[in-house]
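K.L.:
task: produce atomic coordinates for the following.
(one chain, ligands or ions: 3)
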Amino acid sequence: MKRIAVIPGDGIGPEVIAEAVETLKLAQRLYHLDLDFTWFDWGADKYLASGTTLPEGALSMLSADFDAILTGAFGDPRVPDNRHAADILLGMRMGLDLYINLRPVKLLNRKLTPLRERDLSDINFVVFRENTEGMYVFMGGNFKKGTPDEIAIQEEINTRKGVERIITAAFEYAREHGRRRVTMSDKSNVLTYGHDLWQRTFKEAAARYSDIEANHLYVDVLAMWMVLDPGRFDVIVTNNLFGDIVTDLGAGLQGGLGLAASGNINPGKVSLFEPVHGSAPQFAGKNVANPIAAVLTASMMLEYLGLNEPARAIESAVERCVEEGLTTSDIGGALGTKEAGDAIRRQLHAG
Ligand code: NAD
Ligand code: IPM
Ligand code: MN
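P.N.:
Ligands and ions are numbered 1, 2, ... in the order given. This next block holds a predicted model:
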């Protein structure tokens, strides 16, 4: 049995996760899967009502009792400092040591991309975003806060171990998935200590994977090439903050955040799957959010659990819906969230 913790979260999270779970339940029936879902109400409402973000003991419970975690998004205008989202989402990424944030950038249909005259093969790469350190460590502080002399310091942490393992994971993935090239992206021309560590570590790893082409781009020029010639990328590996930014750019190439899926992975351990998008509070409760990102995230989760056939079937059902325009309005369709989810399930059922 595969035990799945479901944490819908805030804003559009519950609506898109409902569609993802309904789709998983249909796959469960069609493919005779043994999936068991347990729901958790962690998020802004719970935080505002009780002060609880990530409950005491949650991390050890997730590690001991679950194979995977499926989440929507965290973020609510009533929590301006985003405290609960940091505790829950970053708490799970760091606390479960989910060091790989795997974010595929894959065009499902030519009509979705804002780029002209592109084939599916031109936009088909994966980003390995470091997920446990970098700028996401909350180290720093203020001096003379609130005065004209205020100083604010925010530290970036790069450890040898952390950099090494994400770069190695990117090369391993390239080898296993028949990808030819790994591109490491940093800003080592300016961040001459932290990102020099990335440079040295990358060169050493590249020597160990001589069958894979290794190249480097500063992150600014990476952003340009992602738009002008995305076909040159197979696997991109980068730090936590740059990975956050370039994967929203990648989502843009795919047709928007309504389509982009991701996994937070520690191979062999309980891992967390979530759409790249946030809680889009302005759409919450309106039945307009695109459920595709969440549904493709569920498919990624099945693949992680070794259930490749239903994973691929869900992806292909989504592709057929996009082809037929059975989608929400962000990508040109006329359906609501629920109806777009139903359309995917009809395609899945039809096989
Ligand atoms: P967002 O991703 O929520 O939305 C940005 C824009 O993308 C939306 O205005 C919308 O145009 C589009 N979009 C996103 N998801 C969509 C969907 N499913 N269907 C159709 N269009 C969609 O980013 P934001 O507005 O910057 O942030 C809102 C909140 O979400 C903030 O609190 C932020 O911190 C949080 N956030 C959380 C996560 C997460 O939990 N993983 C990720 C990103 C942002
Ligand atoms: C993401 C989000 C998160 C991040 C926020 C909500 C903390 O933008 O998952 O991409 O910055 O990692
Ligand atoms: Mn982001």
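
K.L.:
point me to the residue of the stretch 1-150 of the chain nearest ligand 2.
P.N.:
A85 (5.3 Å; Cβ to the nearest ligand atom). Where C-beta positions appear, they are placed from N, C-alpha and C, glycine not excepted.

K.L.:
ok, so what distance separates that residue from ligand 1?
P.N.:
Counting by Cβ to the nearest ligand atom, to the nearest Å, the separation of A85 from ligand 1 is 6 Å.

K.L.:
now do A260
P.N.:
The value you get for A260 to ligand 1, if Cβ to the nearest ligand atom is used, is 9 Å.

K.L.:
my guess is that residue contacts P275. True?
P.N.:
Yes - when contacts are counted by Cβ atoms under 8 Å, A260 is listed as touching P275 (6.6 Å).

K.L.:
residues that sit against both of the two, list them.
P.N.:
A293 (Cβ atoms under 8 Å, 6 or more residues apart in numbering).

K.L.:
tell me which of those two has more neighbours.
P.N.:
The residue with more neighbours, out of A260 and P275, is P275; 31 against 25, by other Cβ atoms under 10 Å.

K.L.:
just the pLDDT for that one.
P.N.:
In this prediction, P275 carries a pLDDT score of 98.

K.L.:
now do F37
P.N.:
On the pLDDT scale, F37 gets 98.

K.L.:
how about whatever helix or strand it lives in: buried residues?
P.N.:
Using DSSP states H and E, F37 maps to strand 35-39. For strand 35-39, burial by neighbour count (16 or more other Cβ atoms under 10 Å) applies to L35.

K.L.:
ok, now stretch 223-240?
P.N.:
Buried residues in stretch 223-240 (16+ other Cβ under 10 Å): A223, M226, P230, F233, D234, V235, I236, V237, T238, N239, N240.

K.L.:
go through those and flag which are in strands.
P.N.:
Counted as lying in strands by DSSP state E, out of the buried residues of stretch 223-240, are V235, I236, V237, T238.

K.L.:
just name the closest of those to ligand 1, please.
P.N.:
Among these, and counting by Cβ to the nearest ligand atom, the member closest to ligand 1 is T238, at 17.3 Å.

K.L.:
grab the nearest non-local neighbour of the closest one.
P.N.:
Leaving aside its sequence neighbours, T238 sits nearest to S185 (Cβ to Cβ, 6 or more residues apart in numbering; 4.4 Å).

K.L.:
doesn't the one you found fall inside a strand?
P.N.:
Yes - judged by DSSP: H, G, I helix; E, B strand; the rest coil, S185 forms part of a strand.

K.L.:
who are the contact partners of it?
P.N.:
H216, L217, Y218, V219, L222, I236, V237, T238, F242, V246.

K.L.:
once you drop chain neighbours, what's closest to the residue of the stretch 201-350 of the chain at minimum distance from ligand 2?
P.N.:
Across the stretch 201-350 of the chain, the shortest distance to ligand 2 (Cβ to the nearest ligand atom) belongs to D244, at 4.4 Å. Distance criterion Cβ to Cβ, 6+ apart; nearest residue to D244, sequence neighbours excluded, is R129 at 6.8 Å.

K.L.:
centroid-nearest residue for this protein?
P.N.:
In the chain, the residue lying closest to the centroid (Cα atoms, centre = their mean) is S262, at 2.7 Å.

K.L.:
SS state for that one?
P.N.:
Once three-state DSSP is applied, S262 turns out strand.

K.L.:
hang on, isn't it packed against S271?
P.N.:
No - shown here, S262 and S271 do not form a contact pair, counting by Cβ under 8 Å, at 10.8 Å.

K.L.:
what pLDDT is listed against S271?
P.N.:
98.

K.L.:
scratch that, N101
P.N.:
98.

K.L.:
make sure it is indeed in a strand.
P.N.:
Yes - under three-state DSSP, N101 sits within a strand.

K.L.:
burial count for it?
P.N.:
N101 has 24 neighbours, counted by other Cβ under 10 Å.

K.L.:
circling back: you'd agree the residue of the stretch 1-150 of the chain closest to ligand 2 is up against V79?
P.N.:
Yes - using Cβ under 8 Å, A85 is in contact with V79, at 7.4 Å.

K.L.:
could you check which of these two is surrounded by more residues?
P.N.:
Neighbour totals were compared for A85 and V79, and A85 leads with 23 against 18 (other Cβ under 10 Å).

K.L.:
which residue is the nearest non-sequential neighbour of the more buried one?
P.N.:
That would be F74: by Cβ to Cβ, 6+ apart, it lies 3.6 Å from A85.

K.L.:
then the helix or strand I69 falls within to CSV, C-alphas only?
P.N.:
I69 is part of strand 68-73, with elements assigned from DSSP H and E. Provided in CSV are the C-alpha atoms of strand 68-73 (Å, rounded to 0.1, in the frame of the first residue of the first chain):
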residue,chain,number,x,y,z
ALA,A,68,4.5,10.6,-0.2
ILE,A,69,3.0,14.0,0.5
LEU,A,70,0.7,15.9,-1.9
THR,A,71,0.2,19.6,-1.2
GLY,A,72,-1.6,22.6,-2.8
ALA,A,73,0.0,25.9,-1.8
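
K.L.:
hmm, it touching ligand 2?
P.N.:
No - Strand 68-73 does not reach ligand 2 (Cβ under 6 Å from any ligand atom); its nearest approach is 7.3 Å.

K.L.:
what does stretch 296-309 give?
P.N.:
No - counting by Cβ under 6 Å from any ligand atom, ligand 2 has no neighbours in stretch 296-309; the shortest distance is 11.6 Å.
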